[in-house]
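Q: Show me how the following folds:
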Amino acid sequence: MKPQHSFTKNALGVKINETSSSHLNQYLKLFTIDMSSVQYKTDQILFRVTSVQGPTIDDIYNLTIYKNSSNLDITFVEFEKIKSFETDNSANLVAILEETSKITVYFKLTNSTITTNLKILSFQKYGPETLTIYSEQFVDSLPSGTQYQAFSKGSLIAKFSETKNVTTSGAWVTTKLPFDKLINSSNMTLSNNNVVIGKGTKKVLVILKIATSNDTPTTLQAHIYKNGSSISDFTSTGYNSSIYSNLITFGIVDVKEGDTISGYIGFSSKQTDFSLHNSTSINVLEI
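A: Below is the predicted model:
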């Protein structure tokens, strides 16, 4: 029988595997929350997973579990990544509702030279619920049950990789801005010049900046689009008469997983190869 640890023994953190050299691509069993003795209660488990070999694994997560008064089963689970200090390992972490009142967290070992530590930072509970930490327990595949993937608050910044030329077919006919350089991202991706919203994100702040590379004897507009349609409330109009002047628009947008956010530009007259500076950018931040 492999050793198990009570929460009180976790004050300094627990080394939960010696080495992953012979367990590559297996799942390491981290801990189980048992809420079978309560109903209409919420548990919160804040924990940190690290490696003693360096910052390759160093992440903080929060797991929220709820049982309502009319159902003895767990009815709500939210699994959120709070912080990654080096590499985002959330894709390798999964919580599984193995029984109606028990959830177990597993970590997939994708590095052959890792010794994994677990530290419970906070365990908020009603009273009789139990938290069990495991050591040296591995499985080749995950058990059956509802799976919950850890997600993080989304953000993305993209810009132009170089000066871009845009062409419009007529006055106030909008053209998508060709964002092609990803600066950073979390729970969002850049695809076909669109920001694609990730799982769990419901509301975002969008900031769109257009920077011109030449004098512009015309009026231009900056537009925020959602799923290919203009959000008319989030349009800015400006007249540019000096090099490298900026036009900025912003707005708060309700979203769901898979929605796309894009930047568009329009002019008061038809434009051919109008030059935009490479500092033109879009910033999407979950709020």
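Q: Please make it C-alpha for all contacts and neighbour counts, starting now.
A: OK.
Q: contacting residues around Phe151?
A: Shown in contact with Phe151 (C-alpha atoms under 8 Å, 6 or more residues apart in numbering): 79-81, 90, 187, 199-200.
Q: Tell me which residues of stretch 258-272 come out buried.
A: By neighbour count with 16 or more other C-alpha atoms under 10 Å, stretch 258-272 contains the buried residues 259-269, 271.
Q: Let me have those in a markdown table, extended by pLDDT and distance to Ser152.
A: Shown next, in a markdown table, are the buried residues of stretch 258-272 (pLDDT from 0 to 100; distance: C-alpha to C-alpha, whole Å):
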| residue | pLDDT | distance to Ser152 |
| --- | --- | --- |
| Asp259 | 97 | 17 |
| Thr260 | 98 | 18 |
| Ile261 | 97 | 18 |
| Ser262 | 97 | 21 |
| Gly263 | 96 | 24 |
| Tyr264 | 95 | 28 |
| Ile265 | 93 | 31 |
| Gly266 | 91 | 34 |
| Phe267 | 90 | 38 |
| Ser268 | 89 | 41 |
| Ser269 | 89 | 43 |
| Gln271 | 90 | 41 |
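Q: For Val77, give me its contacts.
A: Contacts were defined as C-alpha under 8 Å, 6+ apart; by that measure Val77 touches 63-66, 148.
Q: which SSE is it in?
A: Here Val77, judged by DSSP states H and E, is contained in strand 74-84.
Q: Parallel or antiparallel, list what pairs with that strand.
A: strand 58-67 (antiparallel), strand 151-152 (parallel) (DSSP bridges).
Q: Check these for me and report the most buried one.
A: Highest mean neighbour count of those: strand 151-152, a mean of 22 (counted as mean count of other C-alpha atoms under 10 Å).
Q: right, and the helix or strand after it?
A: strand 155-159.
Q: contact partners of that next one?
A: Here strand 155-159 makes contact (C-alpha under 8 Å, 6+ apart) with 179-190, 195, 278-286.
Q: Just the buried residues of these.
A: Applying 16+ other C-alpha under 10 Å to those, the neighbour count classes 179-182, 185-190, 195, 278-286 as buried.
Q: could you list every residue that touches the most centrally placed residue in the chain?
A: For the chain, Asn187 is the residue whose C-alpha lies nearest the centre (C-alpha atoms, centre = their mean; 2.6 Å). Applying C-alpha under 8 Å, 6+ apart, one finds that Asn187 lies in contact with 151-155, 197-199.
Q: helix/strand/coil for Glu86?
A: What DSSP: H, G, I helix; E, B strand; the rest coil gives for Glu86 is coil.
Q: So what touches whatever helix or strand Ser262 lives in?
A: According to DSSP H and E, Ser262 maps onto strand 260-267. Strand 260-267 has contacts (C-alpha under 8 Å, 6+ apart) with 168, 171-177, 193-197, 208, 218-228, 282.
Q: mind running it again at 7 Å?
A: The contact list for strand 260-267 (C-alpha atoms under 7 Å, 6 or more residues apart in numbering) reads 171-177, 194-197, 208, 218-227.
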